[in-house]
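*Asks:* sequence unknown, structure follows:
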């Protein structure tokens, strides 16, 4: 049986075959140039889909790394600013100790008050630190509003209670700022359970201590007044404790002999008073409250500028310095607590960076397994395809050159 091919069919068939061989070789060449076996999803639909998922996860991991870098920058600025605040508070504590020097006169205390005004202005500057992006560091969510404004009694906070945060991991959202209220205004007064204070009208030399809670279960949270009486011959000083929030004072000390420095204890609290209270002098005991550090410094400046040449004035100064010292210690403790929180978050970011780097290696390894080309195999295939194409071209040239006229003499 004889098979006949027309010239047109021969050329068409050969052209299609050459195009197919060239296409296969071009595809292999493109794989080699990209070092990838997946040029389109059709090459391996399952691997292509998986590679897309891994690529998206890798992109998210990279974004988390960018967020962590931004978070560390923000937290570093907060930490640096709080270091400055800590330094200011410690300087003020030193000035309080200096102000208690018995040989200082009113002029000396006025000089200290002037220096404290400078410290107060510097602290306001730190509290109103810019965040480097056109806002303020301690304004909460109201980042464009200056957080603190000086007032006659201390300060006015104009921010909010918010903490800006960033997603620094697939399951970790981290606060990268602190609101000014928590740092500068939420300063507990007294010993954290109650605060003691001398009446401004006292004429004696009694100085009350900050005290401590001896039994938390017995604390009532009430306001108390300790009143002193001096009478008799020889003069005897006694004190009576009154609960301002209760109608029955049974169980509270009444007409008790006063001994300077001896503990006065009732309802789970204890403190002492040193010196010689005058007849009619009184002291208050109230639950601890929250007070701005700016208010504490402002009150301290007023205390230093108040006349202290008389015994009563010196006693008022001593009581005022004691209150300021206690409150500034609490302010320092609060700032150090915030600093510790900042430090722990920065340390966590370091750990998350390490985890992110490890995860990125895993993603890259997975993508390599899904996409990377076996170079040896591909080069061998390319060489084979090239030789096949050359052979086809030669054979086509030979066949297309066959003609009966070649054999006619």
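*Replies:* Received it, and whenever you're ready, just let me know what you need. Keep in mind it's a predicted model, so treat the numbers as computed, not measured.
*Asks:* contacts for stretch 294-313?
*Replies:* Around stretch 294-313, the neighbours that count as contacts under C-beta atoms under 8 Å, 6 or more residues apart in numbering are 92, 96, 99, 106, 109-110, 112-113, 116-117, 119-120, 123-124, 148, 150, 152-155, 184, 187, 202-205, 314, 316-317, 320-321, 323-324, 327-328, 331. (Glycine included, C-beta is placed from N, CA and C.)
*Asks:* among these, which ones are in strands?
*Replies:* Using DSSP state E, the subset of these located in strands is 148, 150, 154, 155, 187.
*Asks:* in terms of pLDDT, where does residue 61 sit?
*Replies:* Note for residue 61: predicted pLDDT of 88.
*Asks:* what of the one 3 residues further on?
*Replies:* In this model, residue 64 is scored at 92, pLDDT.
*Asks:* same check, this time on residue 170
*Replies:* The model reports residue 170 with a pLDDT of 86.
*Asks:* do you know how far it is from residue 359?
*Replies:* 9 Å (C-beta to C-beta, to the nearest Å).
*Asks:* then residue 229?
*Replies:* Residue 229 is 75 Å from residue 359, by C-beta to C-beta.
*Asks:* once you drop chain neighbours, what's closest to residue 58?
*Replies:* Using C-beta to C-beta, 6 or more residues apart in numbering and skipping residues adjacent in sequence, the residue nearest residue 58 is residue 363, 4.1 Å away.
*Asks:* now name the helix or strand holding the one you found.
*Replies:* helix 311-371 (DSSP states H and E).
*Asks:* off-centre distance for that helix?
*Replies:* Per C-alpha atoms, centre = their mean, to the nearest Å, the displacement of helix 311-371 from the mean C-alpha position of its chain is 6 Å.
*Asks:* cool, and stretch 129-141?
*Replies:* That offset, for stretch 129-141, works out to 13 Å (C-alpha atoms, centre = their mean).
*Asks:* neighbouring contacts of it?
*Replies:* Contacts of stretch 129-141 (C-beta under 8 Å, 6+ apart): 74, 77-78, 81, 127-128, 143-148, 158-164, 177-181, 183-184.
*Asks:* mind redoing it with 7 Å?
*Replies:* The contact list for stretch 129-141 (C-beta atoms under 7 Å, 6 or more residues apart in numbering) reads 77-78, 81, 127-128, 143-147, 159-164, 177-180, 183.
*Asks:* next one: stretch 65-85
*Replies:* The contact list for stretch 65-85, computed with C-beta under 7 Å, 6+ apart, reads 123, 126, 129, 131-132, 137, 166-168, 174, 176-178, 335, 338-339, 342-343, 345-346, 349, 352-353, 356.
*Asks:* hmm, back to that, neighbour count for residue 170 and residue 359, which is higher?
*Replies:* The neighbour comparison of residue 170 against residue 359 (other C-beta atoms under 10 Å) goes to residue 359, with 18 against 12.
*Asks:* give me the nearest residue to that one, chain neighbours excluded.
*Replies:* Residue 359 sits nearest to residue 61 (C-beta to C-beta, 6+ apart), 5.4 Å away.
*Asks:* from residue 351, how far out is the nearest residue to residue 355 once chain neighbours are set aside?
*Replies:* The shortest distance from residue 355 to any non-neighbouring residue, by C-beta to C-beta, 6+ apart, is to residue 169 (7.6 Å). Residue 169 sits 10 Å away from residue 351 when distances are taken as C-beta to C-beta.
*Asks:* going through the contacts of stretch 129-141, which ones are buried?
*Replies:* 77-78, 81, 127-128, 143, 146-147, 159-160, 164, 177-180, 183 (16 or more other C-beta atoms under 10 Å).
*Asks:* ok, for residue 88, nearest residue in space, not its chain neighbours?
*Replies:* Excluding its sequence neighbours, the residue lying closest to residue 88 (C-beta to C-beta, 6+ apart) is residue 123, at 4.9 Å.
*Asks:* state the pLDDT value of that neighbour.
*Replies:* Looking at residue 123, the pLDDT reads 96.
*Asks:* same thing with residue 360?
*Replies:* On the pLDDT scale, residue 360 gets 84.
*Asks:* what of residue 102?
*Replies:* With respect to pLDDT, residue 102 scores 86.
*Asks:* quick one: contacts for it?
*Replies:* If you count contacts by C-beta under 7 Å, 6+ apart, then residue 102 has nothing around it.
*Asks:* check the one 10 residues further on too.
*Replies:* Residues in contact with residue 112 (C-beta under 7 Å, 6+ apart) are 95, 98, 99, 304.
*Asks:* how close does the closest residue to the second one other than its chain neighbours sit to residue 254?
*Replies:* If the residues on either side of it in the chain are set aside, residue 98 comes closest to residue 112, at 6.5 Å by C-beta to C-beta, 6+ apart. Applying C-beta to C-beta, one obtains 41 Å for the distance of residue 112 from residue 254.
*Asks:* having no further points to raise, I will conclude here.
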